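Enquirer: no FASTA, just this:
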């Protein structure tokens, strides 16, 4: 998915530092989403929780858009023409609908609910994403992973995986990256990561063993989910710092609740993010944009897409500065 903004708005949030909680209960910082339109009057609107001022990354996860369920008849569905990416991996995970994916590797795939499509941009790749004709509702998440310095110019790649659901403690879990609840994803990443969909039955609680070296994020798609002692509502993301070796999730809703659990070891490198590019300096971004606008060989070409490319927005009249996470609390 393409980032529809050239600059990000500022949102401040987080749990109070003086909050008292039972011993062993992890602190959960609540990150609220902001609405971002992608395109014209009938465009999709996504709810963005990463990046923002108070949190740039969770592990190497550097971008999180949550969208839908949006009727295609009202909004026109997803219709993103060819656009570029550098220095990152894109993760597409759907709850409803289908998306046709084409990229400059020659990949032509249909993304369906419960299946991960992970695309590695590295030095440069381009892709298009369009709702299939039989899709009536678009609903899912688009996530990006920052590549570490030693791999940020990695070769283009595309991986597809359909994890089998497992059921424990009244929950259905699909592990699409990393390992959780005895399940291990074969999808390759460049830093230790976790990604899983969790669907909780009404009133049920699940306690999961997790890696204490990871920081975690719980993004709620539907229902109200309590993480430790903090209640999260739809489209909110709860951030849990490193140190917790278990996470407890409770569905406080009358119906099923669904959430995406993200995790990873803290990403200590500073990154520069602008539009669809991740780099390390302002100059990296300028070069990536120029290469796209001049149709250089860096991104390749997409066969079979019936239309033109997405132009890059104008660069800001200022140096693009690195994004930093706040100091750990």
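Expert: Okay, I see it. This is a predicted model, so every value here is computed, not measured. Numbering: from 1, shown residues only.

Enquirer: For stretch 259-267, buried residues please.
Expert: 259, 260, 261, 262, 263, 264, 266, 267 (16 or more other Cβ atoms under 10 Å). Any C-beta I mention is one placed from the backbone N, CA and C, and that applies to glycine too.

Enquirer: Settle this for me: the last one is touching residue 145, isn't it.
Expert: No - proximity of residue 267 to residue 145 does not meet the contact threshold set by Cβ atoms under 8 Å, at 9.2 Å.

Enquirer: Stretch 208-223: end-to-end distance?
Expert: Taking Cα to Cα, to the nearest Å, stretch 208-223 runs 19 Å from one end to the other.

Enquirer: right, I mislabeled it, should have said stretch 181-194
Expert: End-to-end distance for stretch 181-194, by Cα to Cα: 11 Å.

Enquirer: got the contact list for it?
Expert: 59-61, 89, 116, 118, 145, 147-148, 151, 154, 157, 159, 161, 163-164, 166, 168, 173, 175-180, 195-196, 208, 210-211, 213-214, 216, 261-265, 267 (Cβ atoms under 8 Å, 6 or more residues apart in numbering).

Enquirer: what do you get if the cut-off is 6 Å, keeping everything else the same?
Expert: For stretch 181-194, the surrounding residues in contact (Cβ atoms under 6 Å, 6 or more residues apart in numbering) are 59-60, 118, 147-148, 151, 159, 161, 166, 168, 173, 175-178, 263-265.

Enquirer: Give me the PyMOL select line for those, limited to the buried ones.
Expert: Typed into PyMOL, the next command selects the buried ones out of the contacts of stretch 181-194 (criterion: 16+ other Cβ under 10 Å):
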select buried, resi 59+60+118+147+148+159+173+175+176+177+178+263+264
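
Enquirer: out of the contacts of stretch 181-194, which are inside strands?
Expert: 118, 159, 161, 166, 168, 173, 175, 176, 177, 263, 264 (DSSP state E).

Enquirer: ok, now which ones touch the closest residue to the last one other than its chain neighbours?
Expert: What sits nearest to residue 264 in space, not counting adjacent residues and going by Cβ to Cβ, 6 or more residues apart in numbering, is residue 59, at 1.7 Å. Contacts for residue 59 were tallied using Cβ under 6 Å, 6+ apart; they are 193, 263, 264, 265.

Enquirer: could you redo the last one with a cut-off of 10 Å?
Expert: By Cβ atoms under 10 Å, 6 or more residues apart in numbering, the contact set of residue 59 is 145-146, 178, 189, 191-195, 214-217, 242, 262-267.

Enquirer: likewise residue 65?
Expert: 1, 3-4, 33, 36, 38, 44-50, 140-144.

Enquirer: Quick check: beta-bridge partners of it?
Expert: residue 48, residue 142 (DSSP bridges).

Enquirer: One more: residue 120?
Expert: Applying DSSP bridges, one finds that residue 120 bridges with residue 89, residue 157.

Enquirer: Cross-check the contact I'm expecting between it and residue 159.
Expert: Yes - if you go by Cβ atoms under 10 Å, residue 120 and residue 159 touch, sitting 8.1 Å apart.

Enquirer: Need the overlap of contacts for the two.
Expert: If you check residue 120 and residue 159 against Cβ under 10 Å, 6+ apart, the residues they both contact are 89, 188, 189.
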